[in-house]
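[1] predicted model follows, preceded by the sequence.
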Amino acid sequence: MSTGVKAKGDYVKSIVVLTCICLVTALLLAAVNYVTAPVIEKNQSLAANQSLFEVLPDAQDFETIEIPEGSPETVTGVYRDTAGTGYAVTLKTSTQYSSSDMLITMGVGADGKILNIVLTNYAESKDMGTDTYPLTYIGADSALSGIDTVAGVTYSSTAFKNAVSDGFEVLLQVAAISAGEKTDEQKAQEIAAAVFPYACSKSGECVLAASEEVPQGLSALYAAENGTGYIAVCKSGEETIFLAFDAFANPIAAYDGDETEQSADDCTEEFDAAAAHVQELVSEKTSAIVTRIEKMIDGASVTPISVPVRSSVSSAYKVETPDASYTAVVAAPYGYGGPVEILYILSDSGEIVRFKVISHNETEYFGEAVAETGYAEKQEGSNIENADDDAILIAGCTFTTDAVRQAYTDAAEAFEAIMTATE
């Protein structure tokens, strides 16, 4: 009896000791943070101040310019050289891969162009080229024309680029500089991001592919990387008009050269002229899918159909066989490395008969398992409107898992619209 009591007492004693150790450790860590945080902040502040002269080496002294209310939080300071050589802007940004903030200082001359730009702190998990990438911005104005992100380090380089863009946004409000002229492609990207955000990557970048041959009557024609929308650019006299179409070549909206939305009724002729060219791109896209479905289902007759949805769904089809009919939906939401293009072949009740990842850019340890046969087998047999989240989950790959979840949601919406239309 006494032995049992003693063992229980020892157990309680161990818990108390461990609890005390945890409390002491937590207090020590808090104390260390209390002591070191001001030092780190001071060092970062000193680095930022030194960087002002680094980006504007001919400056005499700096005076602080008040940042307007409502400005992007990425802009932490704006300074004017008292000698008039230009302006310096300090920026702070981060990504989900940051262990601490990315700190940037850029110097902009009186002509509105970047004289120099430096990173004063960089703690991303991947190196985008801290000594070389910022140099590509030298000479750029607020349009940032020709500035690309870094392949393989898209999130960090996009965060960097967006921060610089935010810096210019504030600088144009408080400094005597002129805005740079954006190219039609840049305007098309911005319009696409606003009109079909589902065509944007996780980093917020909307990737457009330009047609190699510009159709007659257009100055440019762009397709969203995941096939969910199109932008046609045409000229009406001296005016540039941007026409947005959905994944099925249906017109959405028109914009002028200032990216201001126009009445679609005023652009009927332009829409009609561009629609045929957009339809050609849609036909190229669907033709490849039709061939794939015909190979997957023996004796299938496949017909592309239009669906009144705007989402990651890039195409849809009616599939007829001698014994049954199906609906096929392709959705291409963005995962970690790019669009994850998924084909669902569904019975009339919504059961997933076939699940196929057509294309993806996921990498090992970052969602590559989405294309494995075993993963597809876990999806087949379930219902598109009642997804099994355990089957969807790819452990440790949040972006890829979220992409598949989004594909399910969007495909279910499209399926419902198709079935409702056929009732």
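    Thanks, I have the structure now. Please read all numbers here as calculations on a predicted model, not as lab measurements.
[2] beta partners of the residue lying closest to Ile138 once chain neighbours are set aside?
    Leaving aside its sequence neighbours, Ile138 sits nearest to Ile114 (Cβ to Cβ, 6 or more residues apart in numbering; 5.5 Å). For the C-beta atoms, the positions are set from N, CA and C on the backbone; glycine is no exception. Beta-bridge pairing of Ile114 under DSSP bridges involves Val108.
[3] likewise the one 10 residues further on?
    Counting by DSSP bridges, Glu124 is bridged to Ser98.
[4] I figured it hits Ser157, correct?
    No - contact criterion Cβ atoms under 8 Å: Glu124 and Ser157 do not qualify, at 9.3 Å.
[5] pick out whichever of the two has more residues nearby.
    Neighbours per residue (other Cβ atoms under 10 Å) separate Glu124 from Ser157, with Ser157 holding more: 24 against 21.
[6] name the next helix or strand downstream of the helix or strand of the chain with the lowest mean pLDDT, please.
    Least confident helix or strand, the chain: helix 2-55 with a mean of 61, by mean pLDDT, DSSP states H and E. Downstream of helix 2-55, the next assigned helix or strand under DSSP states H and E is strand 62-65.
[7] go ahead and name everything in contact with the next helix or strand after that following strand.
    Counting by DSSP H and E, the next helix or strand C-terminal to strand 62-65 is strand 75-81. Outside strand 75-81, the residues that touch it by Cβ atoms under 8 Å, 6 or more residues apart in numbering are 48, 52, 56, 58-67, 87-92, 166-167, 169-171, 174-175.
[8] and Pro333, what is it in contact with?
    Residues in contact with Pro333, defined by Cβ under 8 Å, 6+ apart, are 198, 226, 312, 339-340, 402-403, 406-407, 410.
[9] just the pLDDT for it.
    pLDDT, Pro333: 98.
[10] quick one: it from Lys285, how far?
    Separation of Pro333 from Lys285 (Cβ to Cβ, to the nearest Å): 16 Å.
[11] with Thr85 instead?
    Distance of Thr85 to Lys285, given as Cβ to Cβ: 52 Å.
[12] checking the closest residue to Pro57 other than its chain neighbours next. Helix, strand or coil?
    In space, and not counting its chain neighbours, Pro57 is closest to Asn116: 7.8 Å by Cβ to Cβ, 6+ apart. Counting by DSSP: H, G, I helix; E, B strand; the rest coil, the backbone at Asn116 sits in strand.
[13] Asn116 and Asp58 touch, don't they?
    No - look at Asn116 against Asp58 with Cβ under 8 Å: they stay out of range, at 10.9 Å.
[14] which of these two has more residues huddled nearby?
    Asn116 (20 against 13).
[15] which residues touch that one?
    54-57, 106-107, 138 are the contacts of Asn116 under Cβ under 8 Å, 6+ apart.
[16] where along this structure do the helices fall?
    2-55, 154-174, 184-195, 268-296, 373-379, 389-392, 398-422 (DSSP state H).
[17] any chance of these in TSV, plus distance to Gly146?
    Formatted as TSV, the helices of the chain follow (distance: least, Cβ to Cβ, whole Å):
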stretch	distance to Gly146
helix 2-55	20
helix 154-174	12
helix 184-195	9
helix 268-296	25
helix 373-379	40
helix 389-392	40
helix 398-422	28
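[18] so which of those helices is nearest Gly129?
    helix 154-174 (8.5 Å; Cβ to Cβ).
[19] can I get the contacts of Asn116 in TSV with distance to Gly152?
    Listed next are these as TSV, based on distance: Cβ to Cβ, whole Å:
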residue	distance to Gly152
Glu54	28
Val55	27
Leu56	32
Pro57	33
Met106	24
Gly107	28
Ile138	23
